[in-house]
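A.B. asks: Using only what follows, build the 3D model:
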Amino acid sequence: MNKDDNTCPICKEDLITKKPKRLPCNLSHVFCRDCLINLEKYLQLKTGDKFPCPICKTYSKWPRGGVDSFSDIVIFDNTNQIENVEDIYVERIQQENFADEFKRILLTEINNSEELKRSELNKLDNKINILKASINKKQAILKDELEIFYSQKQSKLREMMRECEFLKQIPPLSGGRISCIFREKYDSIKEELTELREKIVKTDAILVTPNEDVQIGSVVFSHSDQSRDKREIFVEGYLSKIRSFNGAIFAFSSTKDTISWTNIETGENMSWSMKQNSGFLDQEICLGGDGLIYLYHGTNFESSRIFTIDSHFKEARKEKKVKAYVRLTDPQYITFSNVLFFMTDSLFIMYDKAQKLLANMDLKKSIIDLKVIKNKVFFLLSNGKIKKVENGSLIDLKITKIDGNFSIIDDIIPKLRDDDKFLLFDDSFIYMVTENSKKTTAYCQKHLFTNDRIKGYKIGINKVIFAVVSNRIKDKITMKYFDF
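C.D. replies: The predicted structure is shown next:
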């Protein structure tokens with residue numbers, strides 16, 4: 001409001017008799033009560049809603065008490081000035097108190113940060129000293145082993161040199177019978193010395209150093225992505241892949257003769273014998289809408305079979321014989337009613353339980369992850385692209401990659417509270433996908449854990465569980481628990 005103008009900026013009526021109210025965005029932005037009531041009705045404002053100031057367009061939150069919660073303004077007609085001395089004084093005192101208190105808090109945080117820094121640096125120094133002591137001890141042991149070995153080797157070679165000096169003292173041999181005997185002994189000694197030399201020379205003591213550097217430790221930033229709890233499990237054999245479903249996370253592992261899949265939260269597991277040439281990628285499970293687990297198994301598509309696994313992983317029962325095998329070339333033939341979905345390499349496989357029909361569609365690229373929601377299928381392919389099947393069409397999603405700093409707690413978990421959002425994973429990125437959008441966001445995995453990668457997740461009651469796999473320990477899965 002202008003100093004020389006006591007009218008409401010909206011209705012242009014005199015503010016002296018209109019119960020003027022001041023908005024929090026600026027001390028001079030004053031309006032009559034009636035106009036603010038009309039603004040509340042027009043924008044249908046509720047407590048906490050943001051609304052723009054009619055003058056500067058700055059957004060403020062609508063107060064709990066409505067219009068009457070805004071500061072009252074007293075207008076003195078003789079000066080044409082807006083004043084509210086008590087409010088201004090109280091506000092000034094509050095500002096000064098807040099500033100002083102906040103400065104005190106910041107100073108405390110600085111001091112705490114300095115103490116924590118010193119503590120962590122001391123831990124680092126202690127770790128280095130322990131490593132130095134360990135290295136010195138190991139150095140002494142290895143040095144002794146090398147010294148002893150080569151001293152003994154040199155001693156043997158010197159002994160052979162003395163024997164050679166003895167041979168030089170043998171007189172020249174004539175052609176008599178005794179000379180022939182000495183000749184045979186001489187030749188035998190030469191042969192033994194030559195063999196012994198070769199044996200001694202061929203043996204050396206070599207210092208073998210490990211490929212990995214000495215592990216001192218690493219710095220982790222706990223303010224953002226430290227889970228409230230974690231649990232480690234180990235699978236038998238080679239960990240091949242992890243599949244996430246709404247109710248569980250399953251890990252696939254294999255040995256020479258068997259494959260296994262484990263519910264990594266409950267620990268329940270089941271193994272399946274297979275021939276050496278059957279191919280592990282021809283084994284896949286699916287969690288059906290009926291709550292049962294189904295296994296796709298076969299050396300090739302036309303000989304594939306579907307098995308039902310009981311809820312306790314105790315028995316696998318073969319489904320009735322597949323009546324038809326179909327290869328699809330067009331996504332418009334993909335159906336969703338009473339259908340199970342599997343993925344093996346580049347094949348997207350569908351099994352119609354009612355029709356006993358097994359169909360597949362080749363996406364030409366290996367399928368890394370798969371998600372089925374309502375009447376849509378989302379594929380994450382080995383080339384880093386995501387495709388969606390919707391209404392019979394195959395749609396490419398546009399991916400925005402975030403390669404900078406982000407956190408699970410601040411950037412990923414809050415978005416999962418939306419029912420239409422879910423995650424897909426590969427070794428490089430975490431993909432935040434929205435069901436009804438053609439855009440998705442990819443978060444670079446290396447910024448979360450240096451040597452680990454998230455491979456699956458499950459949303460539970462008040463918690464999110466992430467399955468994390470180490471690049472160094474191939475049979476270990478770490479379950480990390482975050483509040484939701």
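
A.B. asks: contacting residues for I430?
C.D. replies: I412, L423, L424, A442, Y443, Q445, L448, I454 (CB atoms under 8 Å, 6 or more residues apart in numbering). Every residue, glycine included, has its C-beta placed from N, CA and C.

A.B. asks: The fourth one falls within a strand, correct?
C.D. replies: Same thing as A442. Yes - with DSSP: H, G, I helix; E, B strand; the rest coil as the criterion, A442 is part of a strand.

A.B. asks: Relative to Y186, how far out is the spatially closest residue to it that is not a sequence neighbour?
C.D. replies: Distances taken as CB to CB, 6 or more residues apart in numbering place F429 nearest to A442, at 4.0 Å, with adjacent residues excluded. Distance of F429 to Y186, given as CB to CB, to the nearest Å: 78 Å.

A.B. asks: same thing with L239?
C.D. replies: 66 Å.

A.B. asks: So for the two, which sits in the more crowded spot?
C.D. replies: Legend: neighbour count by other CB atoms under 10 Å for L239 and Y186, higher for L239 (22 against 14).

A.B. asks: helix/strand/coil for the more buried one?
C.D. replies: Going by three-state DSSP: L239 is strand.

A.B. asks: quick one: the helices in the stretch 201-350 of the chain?
C.D. replies: 222-225 (DSSP state H, counting those that start in this stretch).

A.B. asks: For stretch 344-352, which residues meet the burial criterion?
C.D. replies: T344, S346, L347, F348, I349, M350, Y351, D352 (16 or more other CB atoms under 10 Å).

A.B. asks: wait, which of these is closest to V464?
C.D. replies: Closest approach to V464 among those (CB to CB): F348, at 27.3 Å.

A.B. asks: mind checking pLDDT for the closest one?
C.D. replies: F348 carries a pLDDT value of 84.

A.B. asks: Now I386: closest residue in space that isn't a chain neighbour?
C.D. replies: I386 sits nearest to L397 (CB to CB, 6+ apart), 4.3 Å away.

A.B. asks: Okay, now the unreliable bits of the stretch 301-450 of the chain?
C.D. replies: The stretch 301-450 of the chain contains residues with pLDDT under 70 at 301, 310-316, 320, 323-326, 328-337, 404, 450.

A.B. asks: where do the strands sit along it?
C.D. replies: Remark: strands assigned in the stretch 301-450 of the chain by DSSP state E, counting those that start in this stretch are 305-309, 316-318, 324-328, 339-344, 347-352, 357-362, 367-373, 376-381, 386-390, 393-396, 398-402, 421-425, 429-434, 439-444.

A.B. asks: Quick one: closest of those strands to K132.
C.D. replies: Across those, closest to K132 is strand 439-444 (CB to CB), at 35.7 Å.

A.B. asks: tell me the mean pLDDT for the lengthiest helix in the chain?
C.D. replies: As assigned by DSSP state H, the longest helix anywhere in the chain is helix 85-168. Helix 85-168 carries an average pLDDT of 78.

A.B. asks: quick revisit: and K153, which of the strands of the stretch 301-450 of the chain is closest to it?
C.D. replies: strand 439-444 (54.0 Å).

A.B. asks: which SS class is the residue lying closest to S69 once chain neighbours are set aside?
C.D. replies: Setting aside the residues directly before and after it, S69 is nearest to P63 in space (CB to CB, 6+ apart), at 3.6 Å. Following three-state DSSP, the label given to P63 is coil.

A.B. asks: and what of the one 4 residues further on?
C.D. replies: Assigned by three-state DSSP, the conformation of V67 is helix.

A.B. asks: Please report how far it lies from D452.
C.D. replies: In terms of CB to CB, V67 sits 54 Å off from D452.
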